[in-house]
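A.B. asks: Provided below for reference: sequence and predicted model.
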Amino acid sequence: MAATYTDPILLDIPESFESERLIIRAPLWGDGRLVNEAVTESIAELQPWMPWAQTIPTLEQSEVNIRHARLQFLERKDLRLQLLHKESGQFLGGSGLHRMDWHARTFEIGYWVRTSFAKQGYITEAVQAITTYAIGQLQANRVEIRCDSRNTRSALVAERAGFSLEGILRNDTYHVDGSLRNTMVFSKVRGVEYE
């Protein structure tokens, strides 16, 4: 039996939720400064993996980017999420649900962490909370994580969050340095890893 489709613009999607140490929320006007500070601090770690982090953006560019992300969230075209430390309120990274197929209810989680918050389990915690959000709020049938096969830290996040490696797409896309890369595809699928 085919699932019924509801235009995603009609969905009441919570704009924030929490994990043990994090507030995870939609982007808001004015977040550009927070993101800019984190990207500036973390540019050396982001450049090898993130096409959008090849140069440090201006404050204005960061705010423009955030405002576009806010609009996309409201239109349900992309659900970028800001990661904030619950106690201090400090911005510690970005994540979200991307490459969405609302008919099939499939989503891809992306993530990055600010250098000063790396290797403390925040991204694994965020991925677990966002997966729960996708399952509970969006009725996800499939949640995916894709990463460059050379990005071992990103792959470890997927594994620690309980995602299964489905395979490696060879010469799948270009790396930021212009070489072809292999992409690891991890997933959680309804009826297999969760109900």
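C.D. replies: Sure, I can see it. Residues are numbered from 1 along each chain as shown.
A.B. asks: tell me the buried residues in stretch 50-62?
C.D. replies: Met50, Ala53, Pro57, Ser62 (16 or more other Cβ atoms under 10 Å). For glycine as for every other residue, the C-beta is placed from the backbone atoms N, C-alpha and C.
A.B. asks: and if you look at stretch 163-183?
C.D. replies: Using 16+ other Cβ under 10 Å as the test for burial, stretch 163-183 gives Phe163, His175, Val176, Arg181, Thr183.
A.B. asks: His98: which of these is nearest?
C.D. replies: Thr183 (14.2 Å; Cβ to Cβ).
A.B. asks: picking that back up, now the buried residues of stretch 163-183 in JSON lines, with secondary structure?
C.D. replies: Shown next, in JSON lines, are those (DSSP: H, G, I helix; E, B strand; the rest coil):
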{"residue": "Phe163", "secondary structure": "coil"}
{"residue": "His175", "secondary structure": "coil"}
{"residue": "Val176", "secondary structure": "coil"}
{"residue": "Arg181", "secondary structure": "strand"}
{"residue": "Thr183", "secondary structure": "strand"}
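A.B. asks: identify the farthest-apart pair in those residues.
C.D. replies: Between all members of the buried residues of stretch 163-183, the farthest pair (by Cβ to Cβ) comes out as Phe163 and Val176, at 23.4 Å.
A.B. asks: near Glu144, how many other residues are there?
C.D. replies: Residues contacting Glu144 under the criterion other Cβ atoms under 10 Å number 21.
A.B. asks: cool, and Ile109?
C.D. replies: So Ile109, with other Cβ under 10 Å, has 26 neighbours.
A.B. asks: my guess is it meets Arg146, correct?
C.D. replies: No. Under the criterion of Cβ atoms under 8 Å, Ile109 makes no contact with Arg146, lying 9.1 Å away.
A.B. asks: tell me the bridge partners for the closest residue to Tyr111 other than its chain neighbours.
C.D. replies: Leaving aside its sequence neighbours, Tyr111 sits nearest to Ser95 (Cβ to Cβ, 6 or more residues apart in numbering; 4.2 Å). Following DSSP bridges, Ser95 is listed with bridge partners Leu81, Tyr111.
A.B. asks: for Ser95, give its distance to Ile168.
C.D. replies: With the distance defined as Cβ to Cβ, to the nearest Å, Ser95 ends up 23 Å from Ile168.
A.B. asks: again, but for Phe91
C.D. replies: 33 Å.
A.B. asks: same deal with Leu74?
C.D. replies: In this view, Leu74 and Ile168 are 35 Å apart by Cβ to Cβ.
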